[in-house]
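**Student:** here is the input, now give the coordinates:
(one chain, ligands or ions: 2)
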Amino acid sequence: MFSACDHALMARALRLAECGLATTQPNPRVGCVIAQSDVVVGEGWHRHAGGPHAEVFALREAGEGARGATVYVTLEPCGLYGRTPPCADALIAAGVARVVIATEDAFQREGGAIDRLRGAGTTVESGLMREAARELNRGFFSRVERGRPWVRVKLAMSLDGRTALANGESKWITGEAARADVQRWRARSSAILTGIGTVLADDPALTVRSNSLSPGCAGGEGWGEGAERGGATRLVAVVASNEARDLPQDASSVEPSRPRPLTQPSPPRELGGEGYGFPGLVAPMRVVLDRQLRTPRGAQVLNGAAPTLLLHARGAVAGGDRFVQVECAAVETGAGGLDLAEVLRQLAARGMNEVQVEAGPILSGALFAAGLVDELLLYVAPVLLGDAARPLLALPSLSDMAARWQLRVVEQRQIGEDLRLLLRTSET
Ligand code: AOF
Ligand code: ZN
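**Tutor:** Ligands and ions are numbered 1, 2, ... in the order given. Sure, this is the predicted structure:
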């Protein structure tokens, strides 16, 4: 059903979508390519919530060139009025002949975009590179389909599985490259979740220090895994030149049907990089599970560098005025503290897609034990810390191997002197 050219153009749309990795929250990352057979006439990606969708940028660039063209879009076009008008109508008005979709969008279930497009005589095909498209928006799909964010637990350990000395000293187990890498994973997250124990022990800022991020998108140095993804630039036989270019915002400046030079997509430069030096970055919200509201005055998570949410037990009282700058919300408590499933429901209700847990062994272990972890980002430093040092996770002891937590290695890589493993827990 799909040709090699279809694959290459959808791969390019996926790379474009990656440009929004740190900027589209709470919206999905979406890319779009419009082509007349194998000639790209327009392309775009979604930059930020409230702004035009990927399809609109691509249609603007294609202008009249969209008539009779094929549209490759990484997410089912919207059929509903949201913050912007439905893309289905824009595609019909532009007279495109065929729409190829990588994956459906449960959020648009009521939208009826596909039926509307077909009703207007447009060919619609779905499922090209679906897995890659779902991978790009694991968090968005998790929130929309399961009502909870995608949960990634980040941990760093020694070769012998220890995270800190017995006295709690844990700084610098991993090297600088690994610590910079963590920043990139933070940047793509909607929230960084920690516990009051970590706040009291380490006083982390949990912000994105973006001088370690490069704003280059899709496959540049800036992202954890972009480099070996994609391949559209090698596959599509329409490369006119390698010169860098900017995506025009004004359709009138575009020559229709001009072969597009398939170079690295430019980052969304028109967005200001307020405070972070990274264009358009949506600063992840810092979320602290602080049952009794013990976060001390002067704690770095209370600085104004990013939004902060303190989740506490019902009836907890904050003394003084130290939380005036941050948001506090009550969560039901269970046997072991705050109800973690409820915490995640509340984060989803606030539009959180990907949550990165950077906490100690107790909170990380409790999330594991409750079956609420999707992904483990594990840095392994080539050091030994000895028997008295602290373990990776506090998990209940098992008497039966059948009850073990089974993970699957998704990726392994060396980062500086350390190893990085990405593991997943569920079938997702
Ligand atoms: C995007 N970008 O390129 C596409 C989206 O109300 P809005 O404008 O924020 O629209 C959000 C929804 O639109 C989003 O959740 C998704 O279902 C759909 N498609 N969204 O932000 C895009 N194509
Ligand atoms: Zn849309």
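**Student:** quick one: name the residues of the protein near ligand 2.
**Tutor:** The chain comes close to ligand 2 at residues H53, C78, C87, as judged by C-beta under 5 Å from the ion. From N, CA and C alone the C-beta is placed, and that goes for glycine too.
**Student:** mean confidence score for the host helix or strand of L9?
**Tutor:** Per DSSP states H and E: L9 is located in helix 4-18. In this model, helix 4-18 has a mean pLDDT of 98.
**Student:** past that helix, which element shows up next along the chain?
**Tutor:** Heading C-terminal from helix 4-18 (DSSP H and E), you reach strand 31-36.
**Student:** that following strand packs against which elements?
**Tutor:** When contacts are defined as 3 or more C-beta pairs under 8 Å, 6 or more residues apart in numbering; DSSP states H and E, strand 31-36 sits against helix 4-18, strand 39-45, helix 54-62, strand 70-73.
**Student:** that one near ligand 1 at all?
**Tutor:** No. Strand 31-36 is not in contact with ligand 1 by C-beta under 6 Å from any ligand atom; minimum separation 7.0 Å.
**Student:** what's the angle from that strand to strand 39-45?
**Tutor:** Counting by axes from the mean of the first three to the mean of the last three C-alpha atoms, to 10 degrees, strand 31-36 lies at 160 degrees to strand 39-45.
**Student:** contact partners of strand 31-36?
**Tutor:** 9-10, 12-19, 40-46, 53-55, 57-59, 61-62, 65-66, 68-74, 96, 257 (C-beta atoms under 8 Å, 6 or more residues apart in numbering).
**Student:** among these, which ones lie close to ligand 1?
**Tutor:** The subset of these within reach of ligand 1, by C-beta under 6 Å from any ligand atom, is H46, H53, A54, E55.
**Student:** just the buried ones from those, in PyMOL syntax?
**Tutor:** Buried members of the ones next to ligand 1 among the contacts of strand 31-36, defined by 16 or more other C-beta atoms under 10 Å, are picked up in PyMOL with:
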select buried, resi 46+53+54+55
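**Student:** go through the ones next to ligand 1 among the contacts of strand 31-36 and say which is closest to A187.
**Tutor:** Lowest distance from A187 to the ones next to ligand 1 among the contacts of strand 31-36 (C-beta to C-beta) belongs to H46, with 16.7 Å.
**Student:** might you report the residue contacts of that closest one?
**Tutor:** A17, G20, T24, N27, P28, R29, V30, G31, P52, H53, A54, F57.
**Student:** what's the ChimeraX line that selects buried ones from these?
**Tutor:** The buried subset of the contacts of H46, as determined by 16+ other C-beta under 10 Å, is captured in ChimeraX by this line:
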select :17,20,24,27,28,29,30,31,52,53,54,57
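**Student:** from the contacts of H46, which is closest to ligand 2?
**Tutor:** In terms of C-beta to the ion, no member of the contacts of H46 lies closer to ligand 2 than H53, at 3.4 Å.
**Student:** which phi and psi does the closest one have?
**Tutor:** phi -80, psi 170 (degrees, to the nearest 10).
**Student:** list the contacts of it.
**Tutor:** V30, C32, H46, P77, C78, T84, C87.
**Student:** the fifth one: neighbour count?
**Tutor:** C78 is flanked by 22 other residues according to other C-beta atoms under 10 Å.
**Student:** tell me how far E332 lies from R408.
**Tutor:** 32 Å (C-beta to C-beta, to the nearest Å).
**Student:** same question, A93
**Tutor:** 45 Å.
**Student:** ok, now S158?
**Tutor:** According to C-beta to C-beta, S158 and R408 sit 23 Å apart.
**Student:** of these two, who's got more company?
**Tutor:** Ranked by neighbour count (other C-beta under 10 Å), S158 and R408 place S158 first, with 19 against 10.
**Student:** pLDDT at the residue nearest to that one when sequence neighbours are not counted, what is it?
**Tutor:** Distances taken as C-beta to C-beta, 6 or more residues apart in numbering place L385 nearest to S158, at 4.4 Å, with adjacent residues excluded. We have a pLDDT of 89 for L385.
**Student:** list the contacts of L385.
**Tutor:** Under the criterion of C-beta under 8 Å, 6+ apart, the neighbours of L385 are S158, D160, R162, A164, L165, I173.
**Student:** got TSV for those, with secondary structure and pLDDT too?
**Tutor:** What follows is the contacts of L385, written out as TSV (DSSP: H, G, I helix; E, B strand; the rest coil; pLDDT from 0 to 100):
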residue	secondary structure	pLDDT
S158	strand	93
D160	coil	92
R162	strand	91
A164	strand	77
L165	coil	75
I173	coil	86
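**Student:** which of these count as buried?
**Tutor:** S158, R162, A164, I173.
**Student:** tell me the one of those residues nearest Q356?
**Tutor:** The closest of these, once distances to Q356 are taken by C-beta to C-beta, is I173, at 17.9 Å.
**Student:** tell me if I'm right that that closest one and A156 touch.
**Tutor:** Yes. The criterion here is C-beta atoms under 8 Å, and I173 meets it with A156 at 5.2 Å.
**Student:** give the residues shared as contacts by these two.
**Tutor:** Joint contacts of I173 and A156 (C-beta under 8 Å, 6+ apart) are T163, Y379, A381.
**Student:** so the second one, which of the three states?
**Tutor:** Of the three states, Y379 takes strand according to DSSP: H, G, I helix; E, B strand; the rest coil.
**Student:** thought it was touching G416?
**Tutor:** No. In this structure Y379 lies outside contact range of G416 using C-beta under 8 Å: 9.7 Å.
**Student:** ok, now how distant is the residue of the stretch 51-200 of the chain found nearest ligand 1 from V282?
**Tutor:** Of all residues in the stretch 51-200 of the chain, G82 sits closest to ligand 1, at 2.1 Å by C-beta to the nearest ligand atom. G82 sits 17 Å away from V282, going by C-beta to C-beta.
**Student:** looking at those two, which one has more neighbours?
**Tutor:** Legend: neighbour count by other C-beta under 10 Å for G82 and V282, higher for V282 (24 against 15).
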